[in-house]
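>>> structure for this input, please:
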Amino acid sequence: MNRTTPYREFIEKWAGPQRRRRPSHRRGISALLVLLLVSITLGLSYASIRSQHTAALIHRNSDRQAAARQAAMTGMTLALKQMHTNAWTGVDTTFSGRLSSRQRFEVTFTTGDPTLSVTDPDYEELPYRVTLRATGFAADPGQTSAEAAHRVEAVVRLVPRALADEPSDWADMAKHTLYQWAGGSFEVNVPVRIEGPARCQFRLDLGTGYPWPNDARSRYLTDLGAMYTTGGGDYRPMTGPVRLPTFWQEWGVAWLLQTAWGVTVENTSYDPASLWSSSDAGSSYQLYPGGKTYQSVVLPATLADRTLQGDPATNPAGLFTRHDKVTLRENVAIRGTLLTIGGSSSDITFDGPNLQLAACDLPALYGTDEPVRLPAVISADDVLVERDSQVALTGMMLATDDFRVASDDQRDTALNVQGPVVAKDFLFEGRSDWSQSSAWWSDQYDAFLAQEKEEDGITHFPAWLKAVHGLDPAARIRIEPEGTPVRYHWNRSHGPIYVAHPDDGGLRWELLRWTDNP
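Sure, this is the predicted structure:
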């Protein structure tokens, strides 16, 4: 009999069922593992799908951005091309276009350059620069409301190639120191100095403003030439050449100019110039076609203790206007153009000490070094220099009617003009300390002749008058050409200053800067 049987039966009875449940436990773990693997697979698949979708969106966004940039570049190129044609609509306008059903552009033109400040050495270029801002747009093909934008900025500068039409006789006027544009008075009394070419339309009166006898007048004026040729100083009132109709001159005028003073005289006929009228001038102007319109500064009737000059942002040509007469008293400085508009009372009067005027320098034409200058003074009627005035003027001066320097003691009035003066009538009145009686002049002339015979006598009448009576032949009223070449300009109408060259078909611009996505 096997004694272990009960024990085995007990073991088998107890452990047998436990061994039979083990396969069920392993199946549960397997299921968990399968579910875990399925979850991971689904997660990876979802992540992959999301990654692919994101990559597709990024790609589509990138395509839209590239298309927007392409539209901006194209718009900028077309805008620059249009600026070189007469089709350009000008600043403060928008140029737009469509490249495709989903690509378009807009370009704006603005006067100036945002990088220039008032302390920048190139700030004077501000009104001649234009900033272009081109924005390109590209829409999503599947969602037109989703639109990408890209911006390009460029700055260009005007290349001045031509000036607007001028009066037909303008070039002839500008090359003369004095130019009489129509028949009228032309009286020159010593001491005065007019250097360079002069144009007289009718009769030239030399030294006729004093009550001196003809022999005293003739000797004084002749001796001015003798002093010049012998090295005693050049005090001749005119250095020439002088253009005038010799037929209308008093006897001796041509001889005095040519023989005594050594001045070249050209016989010309009466030929009045085609000048401007007050309606040619205005209170607003442009620098170039399509450019910004600037307003002149309107002046009061009287100026004193004032300094005026152009502003590159608001008044680059420095135009200062008065629709009536204007008087400059003491301590006035103007850099620009002083202009009166109106009728017969629109005088410009200089009546005080320390008056300084100079024209603004505008850009030279391409290929030249001569700055362009508008006239410093333009009067719709007279230009008057009164007693006790000291005036220094650089630039061209235009008077529709009279240019007059009033009589005064020689030491009290000074006028120094560097540039052409154009007027209908010229009247350089005599100096009051020279305006003695006829008897006084006769006595002085006799005294001069008497001492001339002495061994140490003074041989020139002007030198003797200076030594004995202080009548200095050196002029304090001087008109002379500018020291450097200048291109004077004035429009005949209200148009811009610079225009397109006939050979170009549009303005010319220089590209200074191009910025992608500023």
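
>>> helix/strand/coil for Ala216?
At Ala216 the chain is in helix, as set by DSSP: H, G, I helix; E, B strand; the rest coil.

>>> assign a three-state SS to the residue lying closest to it once chain neighbours are set aside, would you?
Leaving out its chain neighbours, the residue that sits closest to Ala216 by Cβ to Cβ, 6 or more residues apart in numbering is Tyr445, at 4.1 Å. To be clear about C-beta, it is placed using only N, CA and C from the backbone, and glycine gets the same treatment. Classification of Tyr445 by three-state DSSP places it in helix.

>>> ditto for the one 4 residues further on
For Leu449, the secondary-structure state derived from three-state DSSP is helix.

>>> what about it, neighbour count?
15 (other Cβ atoms under 10 Å).

>>> distance-wise, check it relative to Asn517.
Here Leu449 is placed at a distance of 90 Å from Asn517 (Cβ to Cβ, to the nearest Å).

>>> ditto for Thr110
Using Cβ to Cβ, one gets 18 Å for the distance from Thr110 to Asn517.

>>> comparing the two, which residue is more hemmed in?
Thr110 (16 against 9).

>>> I figured the more buried one hits Gly90, correct?
No: at 11.0 Å, Thr110 and Gly90 do not qualify as touching, with contact defined as Cβ atoms under 8 Å.

>>> tell me the pLDDT at Thr307?
You'll see Thr307 listed with a pLDDT of 98.

>>> nope, Ser279 is what I meant
51.

>>> and the strand ranked longest in the chain, what does it pack onto?
Longest strand in the chain by number of residues (criterion: DSSP state E): strand 147-159. With contacts taken as 3 or more Cβ pairs under 8 Å, 6 or more residues apart in numbering; DSSP states H and E, strand 147-159 sits against helix 5-83, strand 129-139, strand 508-516.

>>> could you list the low-confidence segments of the stretch 351-500 of the chain?
In the predicted model of the stretch 351-500 of the chain, residues 493 satisfy pLDDT under 70.

>>> quick one, strands of it?
Secondary structure of the stretch 351-500 of the chain (DSSP state E, counting those that start in this stretch): strands located at 355-358, 372-373, 377-379, 383-385, 390-394, 397-399, 402-405, 414-418, 421-423, 425-428, 477-480, 487-488, 498-499.

>>> same check on the stretch 151-300 of the chain?
So, for the stretch 151-300 of the chain - with DSSP E, counting those that start in this stretch - the strands run 162-163, 178-180, 186-188, 193-194, 198-199, 205-206, 242-244, 265-267, 284-286, 293-295, 297-298.

>>> got the end-to-end distance for stretch 328-342?
Across stretch 328-342, the terminal residues are separated by 18 Å (Cα to Cα, to the nearest Å).

>>> name the SS class of Thr327, please.
Going by three-state DSSP, the secondary structure assigned to Thr327 is strand.

>>> which residue packs closest to the residue nearest the centre of the chain, ignoring adjacent ones?
Centroid check for the chain by Cα atoms, centre = their mean gives Leu362 as the closest residue, at 3.5 Å. Among residues not flanking Leu362 along the chain, Val372 sits closest, at 4.1 Å (Cβ to Cβ, 6+ apart).

>>> number of residues surrounding the one you found?
21.

>>> gap between it and Ala333?
Applying Cβ to Cβ to Val372 and Ala333 gives a distance of 22 Å.

>>> ok so, going back, residues in contact with the residue nearest to the centre of the chain?
Counting by Cβ atoms under 8 Å, 6 or more residues apart in numbering, Leu362 makes contact with 317, 371-374, 489, 497.

>>> and Thr340, how close does it get to His494?
Distance of Thr340 to His494, given as Cβ to Cβ: 16 Å.

>>> who's more crowded, the two?
Thr340 (28 against 14).

>>> so what's the more buried one up against?
Contacts for Thr340 (Cβ under 8 Å, 6+ apart) come out as 321-326, 346-348, 378-381.

>>> let's see it at 6 Å
By Cβ atoms under 6 Å, 6 or more residues apart in numbering, the contact set of Thr340 is 322, 346, 348, 379-380.

>>> then Ala162?
Ala162 touches 499, 501, counting by Cβ under 6 Å, 6+ apart.

>>> again, 8 Å this time
Contact analysis of Ala162 by Cβ under 8 Å, 6+ apart lists 365, 498-502.

>>> what does Arg133 give?
Taking Cβ under 8 Å, 6+ apart, we find Arg133 in contact with 107-108, 110, 151-153.

>>> so which of those is the closest to Gln410?
The shortest approach to Gln410 among the contacts of Arg133 belongs to Thr110, at 55.5 Å (Cβ to Cβ).

>>> not counting sequence-adjacent ones, nearest residue to the closest one?
Leaving aside its sequence neighbours, Thr110 sits nearest to Thr131 (Cβ to Cβ, 6+ apart; 4.7 Å).

>>> my read: that neighbour touches Leu116, true?
No: Thr131 is beyond contact range of Leu116, at 10.2 Å (criterion: Cβ under 8 Å).

>>> circling back to that earlier point, between the contacts of Ala162, which has the most around it?
Tyr498 (25 neighbours).

>>> what bridges to it?
Judged by DSSP bridges, the bridge partners of Tyr498 are Leu163.

>>> which residues does it contact?
Contacts of Tyr498 were listed using Cβ under 8 Å, 6+ apart, and they are 158, 160-164, 287-288, 363, 507.

>>> try 7 Å
Each residue near Tyr498 by Cβ atoms under 7 Å, 6 or more residues apart in numbering is listed here: 158, 160, 162-163, 287-288.

>>> show me which of those residues is closest to Val190.
Each of the contacts of Tyr498 was checked against Val190 using Cβ to Cβ; the closest is Leu163, at 38.6 Å.

>>> the closest one: neighbouring residues, count only.
Around Leu163 there are 18 residues (other Cβ under 10 Å).

>>> and which of the contacts of Thr340 is nearest to Ala423?
Nearest to Ala423, judged by Cβ to Cβ, of the contacts of Thr340 is Ser379 at 8.8 Å.

>>> quick check: closest non-adjacent residue to Trp170.
Trp170's closest residue in space is Trp490 (Cβ to Cβ, 6+ apart), at 6.9 Å.

>>> is it true that that neighbour touches Leu163?
No: counting by Cβ atoms under 7 Å, Trp490 does not reach Leu163; the two are 9.6 Å apart.

>>> for the contacts of Leu362, give me a markdown table that also has distance to Ser296.
A markdown table is the format used below for the contacts of Leu362 (distance: Cβ to Cβ, whole Å):
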| residue | distance to Ser296 |
| --- | --- |
| Ala317 | 8 |
| Pro371 | 20 |
| Val372 | 18 |
| Arg373 | 16 |
| Leu374 | 11 |
| His489 | 16 |
| Ile497 | 13 |
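
>>> break the chain down into its structural domains.
61-161+500-518, 170-498 (automatic domain parsing).

>>> can you give me the distance of the closest residue to Thr515 other than its chain neighbours to Trp514?
Nearest in space to Thr515, with sequence neighbours left out and distances taken as Cβ to Cβ, 6+ apart, is Glu153 at 4.6 Å. Between Glu153 and Trp514 the computed distance is 8 Å (Cβ to Cβ).

>>> which residue is the nearest non-sequential neighbour of Thr239?
Thr239 sits nearest to Glu195 (Cβ to Cβ, 6+ apart), 5.0 Å away.

>>> contacting residues around the one you found?
Contacts of Glu195 (Cβ under 7 Å, 6+ apart): 177, 239, 480-481.

>>> now do 10 Å
Neighbouring residues of Glu195 by Cβ atoms under 10 Å, 6 or more residues apart in numbering: 177-178, 234, 236-240, 418, 478-481.
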